[in-house]
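# got a predicted structure here, sequence first:
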Amino acid sequence: MTPNRSTAKARRRRDCVGVLTFPVSNTYDYYSPALIHVLQGLRREIFLVTGEVGDRFVKSGNSVHITKVIHTRSRTWWTRFANYALTQLRLSLAIIRLSRHVEAWFFHNGTDALILPMLASRFMGRMVALIMTGSPAEILGAMGDPFGPIIDVLRAINLSLASTVVVHSTNAPSKLGIQRWKNKIVVGHEHFVDLATFSSSTNVRDRPPIIGFVGRLSPEKGILNLVSAIEMVAKELQNVKFLLIGRGDLESEIRSRLKAGGVEDRVTLTGFVPHGDLPSYYNQMRLLLLPSSTEGLPTVIVEALACGTPVLCTAVGSVPDIIIDGRTGFLLADNSPEVISEAMTRIFIRNDLQDVAIRGRDLAEAQFSYHSAVASFGEVMKSLVMRPAGGNP
């Protein structure tokens, strides 16, 4: 190849980045579209390696090229291990094939422990930004999954191999237990909301007495503790109803518990709700509750704030960096049913919820517009390109 052609190829590659997401099968497990949109504001082309859900959320076009990889879920430990290894191999082959087009790879959405794709990226001489969105080991632990410790070891290896580690806030490294990699940690976030669509149409004081939840119905979201708390709150707040938006493996158990507790008539389970319909649901709530045991920076919190809906959350991940208790929202001491119940009862009757809602909306406008997200990730890109692209991370 002549020097001019080689230089032109390198220049084209500098305009392109790759994004790897784990090929999830659940819509509520997929939250990479925001990252794609933000990167589109920084680079000309994006090569996305994802699964069927990602293929539905992000369409191929002039600037996004999608490679779809299928992951087969299974229940026995040995088939899970085999399928997980096979999926990693498929993702690695895609990365090897596409690396000639891209300057760097962003690992996002369930990729913390994908060691084979990480090795493939580094073998191809590409920089890798590992975006930390939560603790997979804690998620698996909440589900009683024995693979949690193994995932923790694989994540540690990937953190060592990555060029840059991206966290959503300054306090996130200690929350995630990754302080030992502080020299490669960069703070930045890809979260933004359409502030015209996600907006407040009704003052909190004028909304019906509804407390809501939006998310996956799975153990790490604390949903079963919330159900237990609902039984307690129902005795204290006679007129309050509850709206649970989402679906997941625990749905049938939740329905059974609500019926056994005699509160099924106070709770509505909507199942899946299209993203574009969420603003109308947020505007029905006086309070959004997210009692998760582990999180990164939950998008539903930002969306609720933008809609003028006060939030009550556990102080996990980057949540305490945006939610100041009593000012921009409310924090739970832990996610036990007793603590959730007491907090819901105490907060729901406060006279200043509208003031909290206004400050929450101001926060969303200041920190979570599209332009602020592009600026934040622009700093991540600067940090990444300043690091050596060779094999020594």
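In hand now; what should we look at?

# domain-wise, how is this structure divided?
Following automatic domain parsing, the chain resolves into domains at 3-192+371-385, 204-367.

# for this protein, name the helix or strand with the lowest mean pLDDT.
Ranked by mean pLDDT, DSSP states H and E, the weakest helix or strand in the chain is helix 3-14, scoring a mean of 53.

# for this protein, which helix is longest?
helix 77-98 (DSSP state H).

# just checking, what packs against the helix or strand following it?
On the C-terminal side of helix 77-98, the closest following helix or strand by DSSP states H and E is strand 104-108. In terms of contacts (3 or more CB pairs under 8 Å, 6 or more residues apart in numbering; DSSP states H and E), strand 104-108 is packed against strand 16-21, helix 33-40, helix 115-123, strand 127-131. Bear in mind the C-beta positions are built from the backbone N, C-alpha and C, glycine included.

# downstream neighbour of the second one in the secondary structure list?
The first helix or strand that comes after helix 33-40 along the chain, using DSSP H and E, is strand 45-50.

# next, the angle helix 115-123 makes with that next one.
Relative orientation of strand 45-50 and helix 115-123, computed by axes from the mean of the first three to the mean of the last three CA atoms, to 10 degrees: 160 degrees.

# and for strand 45-50, what's in contact with it?
Under the contact criterion CB atoms under 8 Å, 6 or more residues apart in numbering, strand 45-50 has outside partners 15-21, 23, 32, 36, 39-40, 54, 58, 63-69, 91, 94-95, 98, 101-102.

# tell me where the stretch 101-250 of the chain has helices.
115-123, 136-142, 148-161, 172-176, 223-236 (DSSP state H, counting those that start in this stretch).

# neighbouring contacts of the first one?
So the one you mean is helix 115-123. 20, 85, 88-89, 91-93, 95-96, 99, 105, 107, 111, 128, 130, 154, 157-158, 161-162, 391, 393.

# kindly give a single PyMOL line that selects the buried subset of these.
Per 16 or more other CB atoms under 10 Å, the buried members of the contacts of helix 115-123 correspond to this PyMOL selection:
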select buried, resi 20+88+91+92+93+95+99+105+107+111+128+130+154+158+161+162+393
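
# pull the longest helix of the chain out as PDB, backbone CA atoms only.
Taking C-alpha atoms only, helix 77-98 is exported to PDB below (Å, rounded to 0.1, in the frame of the first residue of the first chain):
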ATOM      1  CA  TRP A  77     -24.700 -24.300  34.200                       C
ATOM      2  CA  TRP A  78     -22.800 -26.200  31.500                       C
ATOM      3  CA  THR A  79     -25.000 -25.000  28.600                       C
ATOM      4  CA  ARG A  80     -24.900 -21.400  30.000                       C
ATOM      5  CA  PHE A  81     -21.100 -21.600  30.100                       C
ATOM      6  CA  ALA A  82     -20.900 -23.100  26.600                       C
ATOM      7  CA  ASN A  83     -23.300 -20.600  25.100                       C
ATOM      8  CA  TYR A  84     -21.500 -17.700  26.800                       C
ATOM      9  CA  ALA A  85     -18.200 -18.800  25.500                       C
ATOM     10  CA  LEU A  86     -19.600 -19.300  22.000                       C
ATOM     11  CA  THR A  87     -21.200 -15.800  22.000                       C
ATOM     12  CA  GLN A  88     -17.900 -14.300  23.100                       C
ATOM     13  CA  LEU A  89     -16.200 -16.100  20.200                       C
ATOM     14  CA  ARG A  90     -18.700 -14.700  17.700                       C
ATOM     15  CA  LEU A  91     -18.300 -11.200  19.100                       C
ATOM     16  CA  SER A  92     -14.600 -11.500  18.800                       C
ATOM     17  CA  LEU A  93     -14.700 -12.600  15.200                       C
ATOM     18  CA  ALA A  94     -16.900  -9.600  14.400                       C
ATOM     19  CA  ILE A  95     -14.400  -7.200  16.200                       C
ATOM     20  CA  ILE A  96     -11.500  -8.700  14.300                       C
ATOM     21  CA  ARG A  97     -13.300  -8.200  11.000                       C
ATOM     22  CA  LEU A  98     -14.400  -4.700  11.700                       C
END
